[in-house]
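1. only geometry, no sequence info:
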């Protein structure tokens, strides 16, 4: 039983961290009032770019950086559409995902299924060889992700810039007369969410799989959006939500390794069913406040009569 | 009519604190400001007076760079530097208390203050903001909890928070838009006295208000606006008769609408122990009870946020009540569907017509048919008869003198007054036994207000009952046969309209009687 | 930011301006897409040949385009119907998978007498699609759960279910590949004798006509207009809002389910993992570009069918991934969306100081 638990714990970060990173990005964007359906696209370009850089022999860390930058780049398109051109945010998000999946499919076509050296595990480093297996199997991405989590949590609740960002998401009109540049804040939040999404995608290819295949994000980006809803747009609760989904996902291969016989695809379906169930059970009509930013999805225009 | 500028308080040689000249501002088609001007000097309290929709708030929003004017110039303290947004206006020393408070609902009062102070370039933490806030509140005798969430405050508390927020900015020029609307008499006096002191010490203050008593008692000069134009330009308050100011603000004096005679008929509506909650769980209606007879108008006065919208929603069937009874002519309507309520003769004119009464994107004909299609008035069981819809719309538009569009025009293009006339044409039609009207003349000019009141009075003369819910005391007094006040979701005992005085009503409004 | 320009919302958008921004955005998007294709190695001269001549102007190409159009019409119409009552059906692929599975299930079990097999397949696929959207609908109406998320998640769940069947009970015993056994002749939609074009064309046209009629002249259509324009006002006016929303949303699911069955019985003749890919974005782009108008859905689907045909050709001759279709759709949709700004707002230069 302990062995089983340790084995599960060892693989857990690989399932949880991409979800966590991408959901932190969504939290930042949505707390600034921009409805963000893009993570599937951000993660796709992040995963592909990271892999391409590694395959070009530039090393895993440059791959991670490149993946992050790719997510940022795609989010610039989304940001331009929703912040500058005031496009309806649901449609703009879906179009951005189409763009991301299209780009990765077209550009990555000749790089499918080629393995490369990804981010080294701690046990493979000169100083980490003695670490116990649970830790030794991890990469430096684990502390990095946790650090980013704390940073985002601190930023939103404690910093002055976080106060401004939240004001924009709650009441852009009030933020505007308080001297906050609504569009700059929203653009900044969207770009950050793209960077987080790209990093999450790079995690999938560069830190986890060490190979790239088309469609490797496989709907995780959509799950992220649901996780943020039942995390009520709070960073620390995103960790809990990601643990729930990723933990269930990580359970399946472990159970199979134990020889428990159950259908593979029904097992893979389970985390999605669980997410839907939690979403339904924690919905607003049944509980207290949803925690959704009051101006989420709305476009603020100073010159409108108000 | 233009009075010369005497400027007794003007420091010699100093440029005016604020000078607006020839300001035009249109909201796509609707002209809100038409060559309007305003001049504010240092050291004065300057009252800005006018009807709803005269352009008072709009011109001050132009001054603080919320709106960009289509034409004209804004000169702050003699410097002709264009303000590109509210941040620039704050930096130039302008601070404005907005009529619709600019506070973030989910933030605490202190967080809101910190947000503003930081926007103005003062690096304060939330804790420091809370200290500054408490100190200034004590000075004014305002009760306020810096750590309270704004959306949990009453309207009066929010007003105090908004005022304190702007005072703490330390702006050289203060613009106060209806700052005393929901304050008690004592609080209003303390605020206006403070504002006067600030002016005496060299700042400049704009006071937008419709309370002529405040204008007479506290202002040095008066500017009056009407229909987007400045009709009285910075006249000294001393020696100016207030009924002259009122006449300028309104234009030609309207004939007083004939008072509806109290001749109650058969009892119609009976509400007992009605309770309801808001979306956030707070209690909106708390054992509300009332009786209403045919041919009667019961006016429900009250400061906004005391349960008025929830009462309207519960009556129209859009909000589920917590408990109680609603009986209309013997039928129990507490849980009835909106359709059953309409069949029973209940009609509603909500405060925001495009929220729950009309669809801005639908044509006038479709909006007029909205309530008739389901009962088969326009076509059979399966198909709709659009030709009949159009004919009916043409008739109603002509009969009710709705201007600005035909049957195919989208409702969003009508002016507020014409849209309201259209809605009344639909609601006060055959079979209407009870009309629930919430602020039916809000935001309308005098002519449209009279048309709307006329339509209600006509229905009442035919035996319809009306529940008139309004924050506008003039409206309540001009239409009601009985009057009561809503406070925290409860009604005061109704009194006959003949016994109502503004003083008595005022005392009830703030819950002091 | 953007202080050089002011945006002022227009109350009345002139038709000419609205059309100009729409087609301007469309042209800009198509030009951008063409540029991308040239960058990817398609000769400029080939663009005209592949995207216009070979897709619309030759009988064989036109046949392929029409064949590709059939399921697109159904999913586009499905998305449009739901959008008319302000319901975002982003689980199109899920309902499509359910419809395809229902068809396969009838075929594998040989349900019912042969002459009734095909009608049974079509009816059950619509039922399956409607049931798959009934859950998000109920969650939204009862508990206010965002349908954007619930339909997306159910799309993923449906795909896992398909894989479960294809790698399990339904795997084709003859080939061993994860596809279902091929359909019998009685289970296939008859070909119309023009390339691959099959009788599903009549189904799609009938669906368009029916939808146009319901929206245009029926009482239900009027209700939907009112619900879409202002749901609270529709409720306060006593209209049957829930019934209207339910009919349109379930109809949306049924059409997407039917699309799944039409793909299985009309062109593929078996269930495989790849038949549903890409329809999510296509449904949305069709519904948006067609402004939820059924007849316009037909036109946009036809043009998009051409893109699908060209995508197949480019893959074979230039080695460009089929994801190109997705990329072009994304570019064009974003371009049209952004161009909308010039119709919705007046862009005024800020007056110089």
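-> Right, received. Where do you want to start? Fair warning: this is a prediction, and the values are worked out from it, not measured in the lab. Numbers count the residues shown, from 1 in each chain, chains lettered A, B, ... in the order given.

2. what's the burial count for the closest residue to chain A within the stretch 51-200 of chain B?
-> Chain A sits closest to residue B:119 of the stretch 51-200 of chain B, with a gap of 2.7 Å, by CB to the nearest CB. Yep, even glycine has a C-beta here, placed from its N, CA and C like the rest. Burial measure for residue B:119: 22 neighbouring residues, criterion other CB atoms under 10 Å in any protein chain shown.

3. what helix or strand is residue 30 on?
-> Using chain A. helix A:2-31 (DSSP states H and E).

4. Switch to chain C, please.
-> Short version, using DSSP H and E: residue C:30 is in helix C:15-39.

5. mean confidence for the next helix or strand after that helix?
-> Later in the chain than helix C:15-39, the nearest helix or strand by DSSP H and E is helix C:44-48. The average pLDDT within helix C:44-48 is 88.

6. Can you say which helix or strand has residue 154 in it?
-> Went with chain A since none was named. Counting by DSSP H and E, residue A:154 is part of helix A:141-158.

7. look at chain C instead
-> helix C:147-166.

8. for the next helix or strand after that helix, packing partners?
-> Using DSSP H and E, the helix or strand that follows helix C:147-166 towards the C-terminus is strand C:191-194. The helices and strands touching strand C:191-194, judged by 3 or more CB pairs under 8 Å, 6 or more residues apart in numbering or on different chains; DSSP states H and E, are helix C:59-84, strand C:197-198.

9. how far away is the closest residue in space to residue C:265 that isn't next to it in sequence from chain A?
-> The shortest distance from residue C:265 to any non-neighbouring residue, by CB to CB, 6 or more residues apart in numbering or on different chains, is to residue C:189 (4.9 Å). With the distance defined as CB to the nearest CB, to the nearest Å, residue C:189 ends up 29 Å from chain A.

10. wait, isn't residue C:189 in contact with residue C:118?
-> Yes. If you go by CB atoms under 8 Å, residue C:189 and residue C:118 touch, sitting 7.0 Å apart.

11. Now for these two: what residues contact both?
-> Common neighbours of residue C:189 and residue C:118, using CB atoms under 8 Å, 6 or more residues apart in numbering or on different chains, are residue C:265.

12. Count residues in the vicinity of the closest residue to chain B within chain A, would you?
-> Going by CB to the nearest CB, chain B is nearest to residue A:179 of chain A, at 2.7 Å. For residue A:179, the count of nearby residues is 22 (other CB under 10 Å).

13. ok but it is inside a strand, no?
-> No. Under DSSP: H, G, I helix; E, B strand; the rest coil, residue A:179 falls outside any strand and is assigned coil.

14. Please name the residues that touch it.
-> Here residue A:179 is in contact with B:85, B:86, B:87, B:90, B:116, B:118, B:119, B:120 (CB under 8 Å, 6+ apart).

15. 10 Å - rerun?
-> A:164, B:85-91, B:115-121, B:169 (CB atoms under 10 Å, 6 or more residues apart in numbering or on different chains).

16. For ChimeraX, write the select line for the buried members of these.
-> Restricted to buried positions by 16 or more other CB atoms under 10 Å in any protein chain shown, the ChimeraX selection for the contacts of residue A:179 reads:
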select /A:164 /B:85,86,87,88,89,90,115,116,117,118,119,120,169
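
17. first to last residue in stretch B:492-507, what's the distance?
-> 12 Å (CA to CA, to the nearest Å).

18. Same question for stretch C:312-325.
-> 9 Å.

19. That stretch: which residues count as buried?
-> C:313, C:314, C:315, C:320, C:321, C:322, C:323, C:324, C:325.

20. just stretch A:205-217 next, same as before
-> Result for stretch A:205-217 [16+ other CB under 10 Å]: buried residues A:205, A:206, A:207, A:208, A:209, A:210, A:211, A:212, A:213, A:214, A:216, A:217.

21. Regarding the first one, what is its secondary structure?
-> To tie it back to what came earlier, the one meant is residue A:205. Residue A:205 ends up helix, using three-state DSSP.
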